[in-house]
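**Student:** Here is a sequence with its predicted model. Questions after.
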Amino acid sequence: MSVLALGPEGTFSHELAYRVFGQDYKLVPTIHQIFTGVEEGLHQGLIPLENSEAGGVGPSLDGLLRHPVYITAELFMPIHHYLVSFSQPDSIDVLYAHPQTHEQCSLLIEELAVPVIHTPSNAASAKEVAASPGSAALVSMMAARIYDIPILRECVENNPRNITRFVTVSLSQKEKGDFKKCSILIDPQEDRAGLLHSLLSVFAENDINLTRIESRPSKRGIGSYVFFIDLEHTTAVKDTIKRLEKMTRVKNLGCYDEIEVPEWRL
């Protein structure tokens, strides 16, 4: 089964798909199309879930909320950005960057002090540079090589330990494996004092460590939220989720292990 990943060529998703799955992947233009493709049952998906600098990836979280999919693995990819241009640094008058890249490279952007134009992907940023004299872009190494754009500065991200967590998603959850983590989505559908405390206390009582909790609008109106929760896998997880399901609405996103990311090989 091939893997759907976010394109076009030169995105970090493209690089990761190539490094992990070789040629067995297909690029699509939006994260939404990854989810709809997975729902058709012909592919699994590879989506960026969160970044150590910019936080959760909204379209990915929304897709997990809306589509009947499970997380089947997680992958951690160090993220390095490169300032590229066909122009000299002192003649750059506009910068192209994806919004997440902007957040991750904000210190350099302040230093450059030129207008920033947001693009839908790092690959799109690279394409804009080729068509715009006097412009520069913040892109991946893969994009710089694919579009043959000179690199002016390397590793310009704010944090040298910048990492993006990706996950694979499928219509079926993994039944067996060396599970390290599980994910659930809680939709309380109510608002009362102590609500979150009562829900989270279930994990504490079962000695389950939560590695991430993030709120996201439920799409039902202002002030209504759902909660994405990652927890370390233990033998108590299954019974704990069943207990939660008696208290509130829970979507089980599955338990999974980590896939090691091979070294760069472009």
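**Tutor:** Received the coordinates, thanks. Numbering: from 1, shown residues only.
**Student:** for this protein, what spans make up the helices?
**Tutor:** 12-21, 31-39, 58-66, 99-104, 106-112, 122-131, 141-146, 195-205, 237-245 (DSSP state H).
**Student:** Below-threshold pLDDT in this protein: ranges please.
**Tutor:** 264-266 (pLDDT under 70).
**Student:** show me what contacts the residue sitting nearest the centre point of it?
**Tutor:** Nearest to the mean C-alpha position of the chain, by CA atoms, centre = their mean, lies residue 48 at 2.0 Å. By CB atoms under 8 Å, 6 or more residues apart in numbering, the contact list for residue 48 reads 6, 12-13, 31, 57, 60, 164-166. All C-beta atoms are positioned from the backbone trio N, CA, C, and that covers glycine.
**Student:** Nearest to residue 92 among the residues you listed?
**Tutor:** The nearest member of the contacts of residue 48 to residue 92, counting by CB to CB, is residue 12 at 23.0 Å.
**Student:** Counting neighbours, what do you get for the closest one?
**Tutor:** Per other CB atoms under 10 Å, the neighbour tally for residue 12 reads 28.
**Student:** Please parse this structure into its domains.
**Tutor:** Per the record, the chain has its domains at 3-78+163-258, 82-153, by automatic domain parsing.
**Student:** so of these, which one's packed in deepest?
**Tutor:** For those, the largest average neighbour count (mean count of other CB atoms under 10 Å) is found in domain 82-153, namely a mean of 19.
**Student:** Can you give me the first-to-last residue distance of that one?
**Tutor:** For domain 82-153, the first-to-last residue distance is 6 Å (CA to CA, to the nearest Å).
**Student:** before we move on, what about stretch 239-255?
**Tutor:** Using CA to CA, first and last residues of stretch 239-255 are 14 Å apart.
**Student:** all strands for the stretch 151-266 of the chain, in order.
**Tutor:** Along the stretch 151-266 of the chain, counting by DSSP state E, counting those that start in this stretch, strands occupy 151-153, 163-170, 181-187, 210-217, 225-232, 249-258.
**Student:** picking that back up, can you convert the helices of the chain into CSV and add a column each for distance to residue 75?
**Tutor:** Shown next, in CSV, are those (distance: least, CB to CB, whole Å):
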stretch, distance to residue 75
helix 12-21, 7
helix 31-39, 15
helix 58-66, 13
helix 99-104, 17
helix 106-112, 25
helix 122-131, 18
helix 141-146, 16
helix 195-205, 25
helix 237-245, 21
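**Student:** So for residue 92, which of those sits nearest?
**Tutor:** helix 106-112 (6.9 Å).
**Student:** Any chance you could list what contacts that closest one?
**Tutor:** By CB under 8 Å, 6+ apart, helix 106-112 touches 83, 92, 95, 97, 102, 116, 136, 138, 153, 156, 158.
**Student:** can you check stretch 170-177 too?
**Tutor:** 38-39, 41, 44-45, 68-70, 72-73, 252, 254-257.
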